[in-house]
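Enquirer: have a look at this prediction, sequence included:
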Amino acid sequence: MAETSLKLLKNVMNLLGNFAGSKVKDMTPHLYLSVVPFWKKMNGGEFNQEWKRFPKVLQIHQKVTHLAAALAVEVGSRINSTVFSPDGTRIVSGSDDNTVRIWDSTTGIQVGEPLRGHHNDVNSVACSPDGTRIVSGSYDKTLIIWDATTGIQVGESLQGHDYGVASVAFSPDGTRIVSGSDDNTVRIWDSTTGIQVGEPLRGHHNDVNSVACSPDGTRIVSGSYDKTVRIWDAITGIQVGESLQGHDSGVTSVAFSPDGTRIVSGSDDNTVRIWDSTTGIQVGEPLRGHHNDVNSVAFSPDGTRIVSGSYDKTLRIWDATTGIQVGESLRGHVNPVNSVAFSPDGTRIVSGESDDETVKIWDATTGIQVGESLQGHDQWVTSVALSRDGTRIVSGSRDGTVRIWDATPGIQVGESLQGHDRGVSSVAFLQDGTRIVSGSGDRTVRIWDATTGIQVGESLWGHDDSVRSVAFSPDGTRIVSGSDDGTVRIWDATTGIQVGDSLQGHDDYVESVAFSPDGTRIVTGSGDGTVRIWDATTGSQVGKSLRGDESGVNSVAFSHDGTRIVSGSEDNTVKIWDATTGIQVGDSLQGHDEWVTSVAFSPDGTRIVSGSEDNTVKIWDATTSIQVGDSLQGHDELVTSVAFSPDGTRIVSGSGDGTVRIWDATTGIQIGESLWGHDHYVTSVAFSPDGTQIVSGSDDKTVRIWDAPTSSFTSPVIHCHWALDTNGWISFPNIPFPVLWIPPSFRQLLWTPQTTFIISKHGHTQLSLDDYVFGTSWADSFSV
């Protein structure tokens, strides 16, 4: 009985954490309609008998593989710093909306009004040891001390730094405040008078990102973009010993262990390091595991664990003695983690995220013991392509892996294609679908068996810098690659041996490569502002370089008959070139107001589609170079990718606004509703070979497959069934009020009416509204 009661109490606390801070708490019907079904899902199979009393609430079908936060608080602006109060009952956050906010750490409800006074982003916050005061540092160059109970500013702002204040900390006795700044200095302040104590501590050669006081208050540690950690005497301000060197990039965060014998540092080199605070010698090997910058580190109160938060969107817990990661990574953030801290009793961890504007609290005990290895991309999906028969999808990611997916159920096929040591920039299928080629920032090209996922042969080495673009020849015998080293290379697709010498001539990175339809030529676009054509057999450049006005070329493509080339560039224009003579055909196609990011010919070669950073898609007559109709407008941010359907009747576009849109290629009218579901930039879009589906890749780390509507008169039941607004409310077209609220942690992977499949390491959430009641019938959702 006691165990059951404890489980119930824990579940009730979970309920409070997730819903007490939301708007639905004041709406009685939605305590049943919105809270109950999601609470049920959060608590798995517990108390099944009780759930039977709610026969007509929403049914949720969920596959989620990441550890969920115990509590999520929506702030409304990017979170830069989070900290627990000394007694653990409050959380203080600083954010880009220039405010400091205080939260109840149990319910997630904001305590009082935001603390206003700064005139720019708040970068760092700290609580005094007795919990009565809060100090904040801001890009406005000042520090402000606040009364933690009333929220009123105490005294004048602390002024003296010449640039933004990046980090603040109280001394253990609360009498002093330490600050680090972009002016390369560390300063000490009297926390009662606000007067600077002594001269600035000078020695760093770049921004000071983080400062901390030793537990006995005698020393200060600082970390800087100059890649060093420095220790200072807190009384004299003199540097103690030599700088602690070892990081290969800027130091973003530092902290003392509770006993003061060690220092932990996090860096943009993706590592966490531990140092002996007396000798300055590194203790053990760097703690490796994060795939991107480490933004924040902290010791647990007992000094046995370290928590780190990273730009790779994860938190990791480490054994502070062995340096080994404890348990699985804590996943759930959909954007970089900017700030982490332990609660005073060490049972919880608080984290702040950059772009989704939330603070999350994690159970530090269950979070380190639950879960197996998660299979899926750990970073942005940068490239996607469909096999020629439409049955499989290949995706490449900045996590260094290539993955193959079954395009019908949306399930990953086999294990991830692992071998690249850095991000995958480009992927392509062989026309018969048996092989995949990938290019990566690790400077290699790799070939994979599309069925088994096993690498075929050795990696293709030769480039001296990142590989940006790869393509198979139409007959599948050769591969072409373009690189940041300015060269183009041709490879034998069977042996992996480079064919001939490198194709040299570009003076900057090669952004885009493509074979001609007959495989005899290669076209390349480069940051040097030129388009070049090469003989695919001899490797010799064919004719002179195709030059515009020297602006970088972002995209190139052959027409389907191979007679013309289209290019899109950073001079905001689209150009058509005669593929034989290299002469520009007609005038440049002008109309875009920003860089042209993507271009493609229609299958019959009569039209060109272009996407731009001006948020528009344009269709052009490929013969007259005149724009056809009005610009296709609707996207709220840059258009990143465009493509024609195989029959040329439709155009698909992906955008930085997170949506995919389909357009009638004749009328320019959008077909159906926007395909929404991605939580970040859509980076790549493509039609399936039969034109019935669209695949999209996004910076939110997911690949989605969509049904592609064929007409503007698509049934509203399919594409307008319901919509989710930015506050989490679901609405129906013919109902004047919202009918359901979705908690923040369930929104990113929500299966929308237009989604066919979601491919993500985090799984997905589907809603079943078959028996759902709402409005005046809401009381029918439960039985007494």
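Expert: Thanks, I have it.
Enquirer: break down the stretch 551-700 of the chain into its strands, ranges please.
Expert: Per DSSP state E, counting those that start in this stretch, the stretch 551-700 of the chain carries strands over the ranges 553-558, 564-569, 574-578, 596-601, 607-612, 617-621, 639-644, 650-655, 660-664, 682-687, 693-698.
Enquirer: which of those strands sits closest to G303?
Expert: Set against G303 and scored by CB to CB, those come closest in strand 693-698, at 40.3 Å. Every residue, glycine included, has its C-beta placed from N, CA and C.
Enquirer: average pLDDT across the closest one?
Expert: Strand 693-698 shows a mean pLDDT of 69.
Enquirer: if we can go back for a sec, could you dump the strands of the stretch 551-700 of the chain to CSV with mean neighbour count and distance to S95?
Expert: Below are those laid out as CSV (neighbours: other CB atoms under 10 Å; distance: least, CB to CB, whole Å):
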stretch, mean neighbour count, distance to S95
strand 553-558, 24, 34
strand 564-569, 25, 38
strand 574-578, 22, 41
strand 596-601, 24, 31
strand 607-612, 26, 32
strand 617-621, 22, 35
strand 639-644, 24, 28
strand 650-655, 26, 26
strand 660-664, 23, 31
strand 682-687, 24, 27
strand 693-698, 26, 25
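Enquirer: so can I have a markdown table of the ones you listed showing distance to V178?
Expert: Output for the strands of the stretch 551-700 of the chain, formatted as a markdown table (distance: least, CB to CB, whole Å):
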| stretch | distance to V178 |
| --- | --- |
| strand 553-558 | 46 |
| strand 564-569 | 50 |
| strand 574-578 | 55 |
| strand 596-601 | 46 |
| strand 607-612 | 48 |
| strand 617-621 | 52 |
| strand 639-644 | 44 |
| strand 650-655 | 44 |
| strand 660-664 | 49 |
| strand 682-687 | 42 |
| strand 693-698 | 41 |
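Enquirer: show me the one of those that comes nearest L115.
Expert: Going by CB to CB, the one of these nearest L115 is strand 693-698, 35.7 Å.
Enquirer: just the terminal-to-terminal distance for stretch 300-314.
Expert: 18 Å (CA to CA, to the nearest Å).
Enquirer: okay, buried residues for that stretch please.
Expert: 300, 303, 305-314 (16 or more other CB atoms under 10 Å).
Enquirer: stretch 176-183 now?
Expert: For stretch 176-183, by 16+ other CB under 10 Å, it's 176-183.
Enquirer: out of these, which sit inside helices?
Expert: Among those, DSSP state H puts none in helices.
Enquirer: pick out the most distant pair among those residues.
Expert: Maximum distance among these (CB to CB): 21.2 Å, for R176 and D182.
Enquirer: secondary structure class for the closest residue to D268 other than its chain neighbours?
Expert: Leaving aside its sequence neighbours, D268 sits nearest to S249 (CB to CB, 6 or more residues apart in numbering; 3.8 Å). S249 falls in the coil class when you classify it by DSSP: H, G, I helix; E, B strand; the rest coil.
Enquirer: how many neighbours does S249 have?
Expert: 14 (other CB atoms under 10 Å).
Enquirer: does it really touch S265, like I thought?
Expert: No. Counting by CB atoms under 8 Å, S249 stays clear of S265, with 11.5 Å between them.
Enquirer: would you mind giving the buried residues of stretch 300-314 as CSV with pLDDT and distance to D207 added?
Expert: Shown next, in CSV, are those (pLDDT from 0 to 100; distance: CB to CB, whole Å):
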residue, pLDDT, distance to D207
S300, 92, 28
G303, 95, 28
R305, 94, 28
I306, 95, 23
V307, 94, 23
S308, 95, 20
G309, 91, 19
S310, 91, 19
Y311, 88, 17
D312, 83, 22
K313, 83, 24
T314, 86, 25
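Enquirer: okay, and which of the residues you listed map to strands?
Expert: 305-310 (DSSP state E).
Enquirer: can you redo these as TSV, where the extra columns are distance to G280?
Expert: Formatted as TSV, those follow (distance: CB to CB, whole Å):
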residue	distance to G280
R305	23
I306	19
V307	23
S308	21
G309	25
S310	25
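Enquirer: could you chop this protein up by domain?
Expert: 1-58+726-784, 71-368, 420-556, 589-718 (automatic domain parsing).
Enquirer: out of those, nearest to T563?
Expert: domain 589-718 (8.0 Å).
Enquirer: distance of the closest residue to D621 other than its chain neighbours from W595?
Expert: Nearest residue to D621 in three dimensions, chain neighbours excluded: V628, at 5.5 Å (CB to CB, 6+ apart). From V628 across to W595, the span is 21 Å (CB to CB, to the nearest Å).
Enquirer: ok, now how distant is A514 from V596?
Expert: Distance from A514 to V596, by CB to CB: 16 Å.
Enquirer: what of S469?
Expert: 17 Å.
Enquirer: try T487
Expert: T487 is 24 Å from V596, by CB to CB.
Enquirer: just give the number of residues close to the residue lying closest to T149 once chain neighbours are set aside.
Expert: What sits nearest to T149 in space, not counting adjacent residues and going by CB to CB, 6+ apart, is T132, at 7.1 Å. Number of residues near T132 (other CB under 10 Å) recorded here: 15.
Enquirer: ok, T132 - contacts?
Expert: Contact partners of T132, counting by CB atoms under 8 Å, 6 or more residues apart in numbering, are 147-149.
Enquirer: and these, which are buried?
Expert: A148.
Enquirer: let's see the pLDDT reported for A2.
Expert: Note on A2: pLDDT of 59.
Enquirer: sorry, back to before: ok, the ones in strands among the buried residues of stretch 300-314 vs G519, which is closest?
Expert: S310 (43.7 Å).
Enquirer: I'd say that closest one and V297 touch.
Expert: No. Applying CB under 8 Å, one finds S310 not in contact with V297, separated by 9.8 Å.
Enquirer: could you measure from G568 over to D269?
Expert: G568 is 35 Å from D269, by CB to CB.
Enquirer: equivalent analysis for T624, please.
Expert: 54 Å.
Enquirer: neighbour count winner among these two?
Expert: Each of T624 and D269 has its neighbours counted (other CB under 10 Å); D269 has more, 20 against 9.
Enquirer: that one contacts S249, correct?
Expert: Yes. Using CB under 8 Å, D269 is in contact with S249, at 4.1 Å.
Enquirer: quick one, what contacts G668?
Expert: Contact analysis of G668 by CB under 8 Å, 6+ apart lists 619, 628-630, 632.
Enquirer: measure it to V628 for me?
Expert: For G668 relative to V628 (CB to CB), the value is 8 Å.
Enquirer: shared neighbours, these two?
Expert: Contacts common to G668 and V628, judged by CB under 8 Å, 6+ apart, are I619.
Enquirer: just send the domains of the chain back as CSV, with distance to T573 too.
Expert: Output for the domains of the chain, formatted as CSV (distance: least, CB to CB, whole Å):
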stretch, distance to T573
domain 1-58+726-784, 34
domain 71-368, 32
domain 420-556, 7
domain 589-718, 5
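Enquirer: ok, which of these comes nearest I583?
Expert: Across those, I583 has its closest neighbour in domain 420-556 (8.3 Å, CB to CB).
Enquirer: avg pLDDT for that closest one?
Expert: The model assigns domain 420-556 a mean pLDDT of 86.
Enquirer: also stretch 114-130?
Expert: 92.
Enquirer: now stretch 561-569
Expert: For stretch 561-569, the per-residue pLDDT averages 94.
Enquirer: all helices for the protein, in order.
Expert: 2-19, 28-30, 36-42, 48-51, 716-719, 744-747.
Enquirer: could you tell me the least trusted of those helices?
Expert: Averaging pLDDT over each of those puts helix 716-719 lowest, since it has a mean of 32.
Enquirer: done for today, thanks.
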